[in-house]
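Visitor: structure for this input, please:
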Amino acid sequence: MAGRLNGKVCLITGGGRGLGKAMALAFANEGAKAIAISYIANLEKAQETYQQIMETGCSAYINKVEVTNQASIKGWLKQIIDAEGKIDVLVNNAGVNLQGPIETVTEKDWDEIMAVNLKGPFLTSQQILPEMVSSGGGRIINIASVSGLYGGPTTAHYAASKAGLISLTQVLARWGAEHNILVNSIAPGIIETDLTREELRSGGGKSIVELTLLKRPGQVDDVASVAVMLASDEQNYITGQTISPNGGSYFTD
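Guide: Predicted coordinates:
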């Protein structure tokens, strides 16, 4: 299938459901050669996504990967490189969120959020950079959050982890520039997924939606379309940037 990602080998952490699934299917429908998704807990959802990728004619891989563990990451990357010979695109999408006022955040909560949301993307990117250098370049896309831009009031640890991820994006972009590795982040606002749908329809969720100029939540395809653009060769001059599809809830500088 010809498309904007024709022939590219793409990896998506946490690609089994929600935004990860939407990006995986969007990449496959744009002609990617292979999509590798990782999961940590929900095998059933990951298997469904795997099957849907395969139905597009794209090669698919599914692995249980602990993104906070270097050995787990190395094993995953080795399997994909042995099979496909290269990795063109990495999407650091795996993440967790634990909402609550700042006074309720425990040390364990803080450490878990930072490990998955910030350490994970760092370790995965660190392991993949040499492979991209040897193949002449690549794209890294970090899935941040609008919370990391304005400081989510009820998600102190989550907001801090996503702000750190945006900073990491800039650091990686500086390092990767001379190697033709473009690194950007996407900072979604309120997005309707299978995990947030009921919340957004409740009283509290509706009040959050009212903070947007468009008065509605975004859809997963609103994020996936940005990821396709950043992963494709149709742009070759965007790096170190954060694009925020947030319905006008926050204006980026």
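Visitor: going forward, measure contacts and count neighbours with C-alpha atoms only.
Guide: Noted.
Visitor: which strands or helices does the longest helix belonging to the chain pack on?
Guide: Ranked by residue count under DSSP state H, the longest helix found in the chain is helix 156-176. When contacts are defined as 3 or more C-alpha pairs under 8 Å, 6 or more residues apart in numbering; DSSP states H and E, helix 156-176 sits against helix 107-114, strand 138-143, helix 147-150, strand 181-186.
Visitor: can you list those in JSON lines and add mean pLDDT, mean neighbour count and distance to residue 55?
Guide: Output for the helices and strands packed on helix 156-176, formatted as JSON lines (pLDDT from 0 to 100; neighbours: other C-alpha atoms under 10 Å; distance: least, C-alpha to C-alpha, whole Å):
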{"stretch": "helix 107-114", "mean pLDDT": "96", "mean neighbour count": "16", "distance to residue 55": "34"}
{"stretch": "strand 138-143", "mean pLDDT": "98", "mean neighbour count": "27", "distance to residue 55": "25"}
{"stretch": "helix 147-150", "mean pLDDT": "94", "mean neighbour count": "20", "distance to residue 55": "35"}
{"stretch": "strand 181-186", "mean pLDDT": "98", "mean neighbour count": "26", "distance to residue 55": "27"}
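Visitor: tell me which of those sits nearest to residue 122.
Guide: Across the helices and strands packed on helix 156-176, residue 122 has its closest neighbour in strand 138-143 (10.0 Å, C-alpha to C-alpha).
Visitor: tell me how far that closest one lies from the chain's centre.
Guide: 8 Å (C-alpha atoms, centre = their mean, to the nearest Å).
Visitor: 18 is where my numbering starts, stick with that
Guide: Understood, numbering begins at 18; the last thing we discussed is strand 155-160.
Visitor: how far is the host helix or strand of residue 217 from where the chain is centred?
Guide: Element membership of residue 217, judged by DSSP states H and E, is helix 214-218. Relative to its parent chain, helix 214-218 has a centroid offset of 22 Å by C-alpha atoms, centre = their mean.
Visitor: distance of residue 135 from residue 186?
Guide: Separation of residue 135 from residue 186 (C-alpha to C-alpha, to the nearest Å) stands at 11 Å.
Visitor: try residue 210
Guide: On the measure of C-alpha to C-alpha, residue 210 and residue 186 end up 25 Å apart.
Visitor: so these two - more neighbours on which side?
Guide: Neighbours per residue (other C-alpha atoms under 10 Å) separate residue 210 from residue 186, with residue 186 holding more: 28 against 17.
Visitor: check the more buried one and give its pLDDT.
Guide: Residue 186 is assigned 98 on the pLDDT scale.
Visitor: against residue 136, how distant is it?
Guide: Distance, residue 186 to residue 136, by C-alpha to C-alpha: 13 Å.
Visitor: OK, contacts around the residue lying closest to residue 98 once chain neighbours are set aside?
Guide: Distances taken as C-alpha to C-alpha, 6 or more residues apart in numbering put residue 104 closest to residue 98, at 6.8 Å, once the chain neighbours are dropped. Going by C-alpha atoms under 8 Å, 6 or more residues apart in numbering, residue 104 touches 25-28, 97-98, 145, 148-149, 155.
Visitor: next one: residue 230
Guide: Taking C-alpha under 8 Å, 6+ apart, one finds 264-266 in contact with residue 230.
Visitor: lowest-confidence entry in those?
Guide: Among the contacts of residue 230, residue 266 has the lowest pLDDT, at 91.
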